[in-house]
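Participant: Got a sequence here, can you model it:
(one chain, ligands or ions: 1)
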Amino acid sequence: MRRSRYFLPTLKETPAEAQIASHRLMLRAGMIRQSSAGIYSWLPLGLRVLRNVEQIVREEQDAAGCQELLMPTIQPGELWRESGRYDDYGKEMLRITDRHDRAMLYGPTHEEVITDIFRSYIKSYRDLPKNLYQIQWKFRDEVRPRFGVMRGREFLMKDNYSFDLDKEGARNSYDNMYATYLKTFARMGLRAVPVKADPGAIGGDMSHEFHILAETGESAVYYDAAFDDVDLSGSAGSIAGLQSLYAAADDKHDAKNCPVPPERLRNARGIEVGHIFYFGTKYSAPMGAVVTGPNGESITVEMGSYGIGVSRLVGAIIEAYHDDAGIMWPAAVAPFQVGLINLKAGDAACDEACEEIYATFLEHSVDVLYDDRAESPGAKFADMDLIGLPWQVVVGPRGLKSGKIEIKERHSGERQELSRDALFARLPGDLDRGPGLALLAG
Ligand code: 5CA
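Facilitator: So this is what the prediction gives:
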């Protein structure tokens, strides 16, 4: 993408309304634009990151045996009357009346709709277990939308729903999602601490929240210091073991009865990026999601639901990865892998070298943003640091004279000078979004 053509409205000033780094940086980097309180447009750069986050979530859901579907944002009130939540949900639910005077709502979550789908088609124990997911916009009329996409009113969620024949099966589904969540967040470069939580409006008797530890987090969490030394990528160790370590959200923590000695208890702020629930037959019983068992008996299915705040994650990743100059995207979610800076657009040698590098990156499917504008070098550096692409390739007249191109790794700030050939030699044919580009640094 050529920067001169790209719709990327970066801002030099810090917007007054933004209180935390991620919100400030998302506005300054031209990622989002507020439309009304807690409701945002995703501009091209922001959308690229949102899609990358979404894709990691999707791949891990698929790998865990979940199947994607897509349910409507607008739901009939009638289904919520069946589950008993229509009146309970309160003012967070945006209620709408259609032209026929029917009660509709903008879905804050989808337990009712998925249970309705399930009960319409699945009639036998042979069809269980099932685990269905979607990535869909939700609306919650939050009292205090704030911190940009962190607490929005409209936000993108991955939600999935498990259906099992018995409690043991449901527990397996729950543990499977627990492990899947750790892997999902680890792929984005995040350490998410799973803490026991209160199920709140979703209901049930077992639930965990996944928190990214950050000073700007809205929640207080308490956990055993042992977590600090644990591999939280979900691939190592026994998950069962992890679940036995003490970690609790504010509303679940009981200082008097806490099993962890005070010197080992950590108290931190967290950003809740995921929440999983086991709630048994809370929806299946009132809504009649029943299958026929092996002996012809009726069995009410055991359910769980699992949410990831996809749009919130974009903010959470920035909270974890930024410095004074701007964002520092982990490669896995970066909007482009490389920013190519032409220090003297209009200079024949610089233009020629940049065009060649640009074309070569594209040939190798490296996502590259080419800053070909006639701006000052200082402005280009600042802009590139702000938007936080993992690699910067800097081409200027002085370097070219000695046959050198500079590359800078945004994260470490490390720079090195390479010849054009050395730069291209480090491009394997099939660069992926992960370690591939690390090769650039040698
Ligand atoms: N039905 C269940 C699981 S599918 C559910 O709705 N769970 S939830 O209420 O905990 O939401 C799931 C995740 O969505 C949260 O962990 C959080 O990361 C994200 N989320 C919730 N509310 C907001 C909000 N107002 N803005 C941004 N993200 C939110």
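Participant: Could I get the full set of strands for the stretch 1-150 of the chain?
Facilitator: 32-36, 39-42, 67-68, 74-76, 94-97, 103-106, 130-139 (DSSP state E, counting those that start in this stretch).
Participant: Parallel or antiparallel, list what pairs with the shortest one.
Facilitator: Using DSSP bridges, the strands paired with strand 67-68 in its sheet are strand 130-139 (parallel).
Participant: of all of the stretch 1-150 of the chain, which residue lies closest to the ligand?
Facilitator: Thr109 (3.8 Å; CB to the nearest ligand atom). For the C-beta atoms, the positions are set from N, CA and C on the backbone; glycine is no exception.
Participant: For burial, what's the neighbour tally of that residue?
Facilitator: The tally of other residues near Thr109 (other CB atoms under 10 Å) stands at 20.
Participant: Same list (the strands of the stretch 1-150 of the chain) but as a markdown table, adding mean pLDDT, distance to the ligand and mean neighbour count.
Facilitator: As requested, the strands of the stretch 1-150 of the chain are arranged in a markdown table below (pLDDT from 0 to 100; distance: least, CB to the nearest ligand atom, whole Å; neighbours: other CB atoms under 10 Å):
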| stretch | mean pLDDT | distance to the ligand | mean neighbour count |
| --- | --- | --- | --- |
| strand 32-36 | 97 | 13 | 15 |
| strand 39-42 | 98 | 10 | 16 |
| strand 67-68 | 98 | 14 | 12 |
| strand 74-76 | 98 | 13 | 17 |
| strand 94-97 | 98 | 12 | 14 |
| strand 103-106 | 98 | 13 | 18 |
| strand 130-139 | 98 | 7 | 19 |
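Participant: mind putting those in a markdown table, distance to Gly234 included?
Facilitator: Putting those into a markdown table (distance: least, CB to CB, whole Å) gives the following:
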| stretch | distance to Gly234 |
| --- | --- |
| strand 32-36 | 29 |
| strand 39-42 | 28 |
| strand 67-68 | 20 |
| strand 74-76 | 32 |
| strand 94-97 | 35 |
| strand 103-106 | 33 |
| strand 130-139 | 17 |
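Participant: between these, which gets nearest to Glu352?
Facilitator: strand 39-42 (35.6 Å; CB to CB).
Participant: Hmm, the residue of the stretch 1-150 of the chain closest to the ligand is touching Asn160, no?
Facilitator: No. Counting by CB atoms under 8 Å, Asn160 is not a contact partner of Thr109; they are 11.5 Å apart.
Participant: hey, where'd the helices end up in the stretch 251-400 of the chain?
Facilitator: Applying DSSP state H, counting those that start in this stretch to the stretch 251-400 of the chain gives helices spanning 284-287, 310-320, 348-363, 377-387, 397-401.
Participant: do you know how far the closest residue to Cys258 other than its chain neighbours is from Arg420?
Facilitator: Nearest non-adjacent residue to Cys258, counting by CB to CB, 6 or more residues apart in numbering: Leu265, 6.5 Å away. Noted for Leu265: a distance of 56 Å to Arg420, by CB to CB, to the nearest Å.
Participant: what does Asp116 give?
Facilitator: If you go by CB to CB, the gap between Asp116 and Arg420 works out to 60 Å.
Participant: higher neighbour count, the two?
Facilitator: Asp116 (21 against 16).
Participant: Now do the same contact list for the nearest residue to the more buried one once chain neighbours are set aside.
Facilitator: Closest residue in space to Asp116, ignoring its immediate chain neighbours: Leu79 at 5.7 Å, by CB to CB, 6+ apart. Leu79 is in contact with Glu112, Val113, Asp116, Met287, counting by CB atoms under 8 Å, 6 or more residues apart in numbering.
Participant: any idea how far the first one is from Glu409?
Facilitator: I take that to be Glu112. 48 Å.
Participant: rewinding a little: spit out the residues that contact Thr109 and Asn160 alike.
Facilitator: In terms of CB under 8 Å, 6+ apart, Thr109 and Asn160 are both contacted by the residues Ser305.
Participant: Quick check: bridge partners of the residue nearest to Thr281 when sequence neighbours are not counted?
Facilitator: Of all residues not flanking Thr281 in the chain, Thr300 sits nearest, at 4.8 Å (CB to CB, 6+ apart). Per DSSP bridges, the residues bridged to Thr300 are Val290.
Participant: List the contacts of Thr300.
Facilitator: Thr281, Ser284, Ala285, Ala289, Val290.
Participant: so how far is the ligand from it?
Facilitator: To the ligand, Thr300 is 19 Å away according to CB to the nearest ligand atom, to the nearest Å.
Participant: All further residue positions should be reported with the first residue as 47.
Facilitator: Noted, 47 is the first residue going forward, which turns the last one into Thr346.
Participant: Count residues in the vicinity of Phe201, would you?
Facilitator: Counted with other CB under 10 Å, Phe201 comes out at 22.
Participant: Which residue, other than its chain neighbours, is closest to it?
Facilitator: Going by CB to CB, 6+ apart, Phe201 has Ser357 as its nearest residue, at 4.7 Å.
Participant: do you know how far the one you found is from Ile363?
Facilitator: Ser357 is 11 Å from Ile363, where distance means CB to CB.
Participant: neighbour-wise, which of these two wins?
Facilitator: Comparing Ser357 with Ile363 by other CB under 10 Å, the one with more neighbours is Ile363, at 28 against 25.
Participant: quick one: the more buried one and Ala378 touch, right?
Facilitator: No. Using CB under 8 Å as the test, Ile363 is too far from Ala378 to be in contact (9.5 Å).
Participant: Identify the contacts common to the two.
Facilitator: Counting by CB under 8 Å, 6+ apart, the residues touching both Ile363 and Ala378 are Met234, Gly235.
Participant: Now the buried members of the contacts of Thr346.
Facilitator: Neighbour counting with 16 or more other CB atoms under 10 Å marks Thr327, Ser330, Ala335, Val336 as buried within the contacts of Thr346.
Participant: now these in TSV, with pLDDT and distance to Pro175?
Facilitator: As requested, those are exported to TSV (pLDDT from 0 to 100; distance: CB to CB, whole Å):
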residue	pLDDT	distance to Pro175
Thr327	97	15
Ser330	98	13
Ala335	98	13
Val336	98	15
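Participant: Out of those residues, which is nearest to the ligand?
Facilitator: Nearest member of the buried ones among the contacts of Thr346 to the ligand, counting by CB to the nearest ligand atom, is Ser330, at 14.6 Å.
Participant: which residues does that closest one contact?
Facilitator: By CB under 8 Å, 6+ apart, the residues touching Ser330 are Thr161, Phe164, Arg165, Phe209, Val336, Thr346, Val347, Glu348, Met349.
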